[in-house]
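[1] What shape does this take:
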Amino acid sequence: MIVEEIMRTNVSTLLPTDTIEAGLRLMEQKKIRHIPIVNEENHLVGLVTASRIREAGPSIFHAGEHLEDLQKPLETIMKKDVIFGHPLDFIEEVAGLFYDHRLTCLPITKDKQLVGIITETDLLRTMVELTGAHHPGSQIEVRVPNITGVLCDISAIIRNRHANILSILVYPDKKDSNYKILVIRVGMMNPTGLIHDLKLAGHHVLWPNLPGISL
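    Numbers count the residues shown, from 1 in each chain. Okay, the predicted model is just below:
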């Protein structure tokens, strides 16, 4: 999956010369926490977050004081070294950016033009959809050797049970680099028979570890 499939294209933006008050008002109206700052050519030049707005505005304990601070331009508080993405970037690469740089949003540009934005919520929703966690089913974890053909064998066992595979995640076994952990979500509510078949074929099922199905 690529970024353009999940990015929001109706992005609310402001200019660097707009006031902090305008940014605060826009966030309240649109119920957003990030405002990309663009120039007259719609080129991304900065980013303002809700936390920066709060830091720049008067304290709630002094709401009527220092109101002149709200009239300062957004360019005085915006982040200028903004990390951004491209519509054709892969979602997993974007997730890595969010993790490595502790991002809360990622503006998306194409030919220097701001064309979209992705937030933490967008990314989390996408991960839920990719894993099939919002569909009824069962999750099975299998420890397998890191060799060719294992996934094909397991898929055949699942097919013989007439079960649909909703998603498959693969991550390394931290204890042994020669093994992988397959996290398989299948469209069946009772996986007991499938687990029996997997174990009968010699596969090491980590979860669910059901009593009475040890081979």
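
[2] I'd like the distance between the most centrally placed residue in the chain and residue 172.
    For the chain, the residue sitting closest to the mean C-alpha position, by C-alpha atoms, centre = their mean, is residue 123 at 2.4 Å. Relative to residue 172, residue 123 is positioned 22 Å away (C-beta to C-beta, to the nearest Å). Bear in mind the C-beta positions are built from the backbone N, C-alpha and C, glycine included.

[3] Then residue 159?
    For residue 159, the distance to residue 172 - C-beta to C-beta - is 26 Å.

[4] Domain ranges for the protein, per the record?
    Following automatic domain parsing, one gets these domains for the chain: 3-128, 132-207.

[5] Let's have those domains in JSON lines, adding mean pLDDT.
    Output for these, formatted as JSON lines (pLDDT from 0 to 100):
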{"stretch": "domain 3-128", "mean pLDDT": "92"}
{"stretch": "domain 132-207", "mean pLDDT": "94"}
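
[6] Do a quick rundown of the strands in this protein.
    Remark: strands assigned in the chain by DSSP state E are 34-38, 44-49, 105-110, 113-119, 138-145, 165-172, 179-186, 204-207.

[7] Run through the residues that contact the residue lying closest to residue 43 once chain neighbours are set aside.
    Closest residue to residue 43 apart from its sequence neighbours, by C-beta to C-beta, 6 or more residues apart in numbering: residue 112 at 5.0 Å. By C-beta atoms under 8 Å, 6 or more residues apart in numbering, residue 112 lies in contact with 41, 43, 44.

[8] likewise residue 8?
    116, 117, 118, 119, 122.

[9] can you tell me which two in the residues you listed are farthest apart?
    Put simply, by C-beta to C-beta the two of those set farthest apart are 116 and 119, 10.8 Å from each other.

[10] picking that back up, out of the strands of the chain, flag the one nearest residue 127.
    So among the strands of the chain, strand 165-172 is nearest, using C-beta to C-beta, at 10.1 Å.

[11] For that closest one, which helices and strands make contact with it?
    Secondary-structure packing of strand 165-172 (3 or more C-beta pairs under 8 Å, 6 or more residues apart in numbering; DSSP states H and E): helix 120-131, helix 150-160, strand 179-186.

[12] Export only the CA atoms of the first one, formatted as CSV.
    Coordinates of each C-alpha in helix 120-131 appear next as CSV, following Å, rounded to 0.1, in the frame of the first residue of the first chain:
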residue,chain,number,x,y,z
GLU,A,120,-0.8,9.1,13.6
THR,A,121,-4.5,8.3,13.5
ASP,A,122,-4.4,7.7,9.8
LEU,A,123,-1.4,5.4,10.1
LEU,A,124,-2.9,3.5,13.1
ARG,A,125,-6.2,3.0,11.2
THR,A,126,-4.3,1.7,8.2
MET,A,127,-2.4,-0.8,10.2
VAL,A,128,-5.6,-2.1,11.7
GLU,A,129,-7.0,-2.5,8.2
LEU,A,130,-3.9,-4.2,6.9
THR,A,131,-3.8,-6.8,9.7
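
[13] Quick check: buried residues in stretch 129-146?
    131, 132, 137, 138, 139, 140, 141, 142, 143, 144 (16 or more other C-beta atoms under 10 Å).

[14] Kindly reformat those residues as CSV and extend each row with distance to residue 100.
    Output for these, formatted as CSV (distance: C-beta to C-beta, whole Å):
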residue, distance to residue 100
131, 21
132, 26
137, 31
138, 33
139, 27
140, 30
141, 26
142, 29
143, 28
144, 29
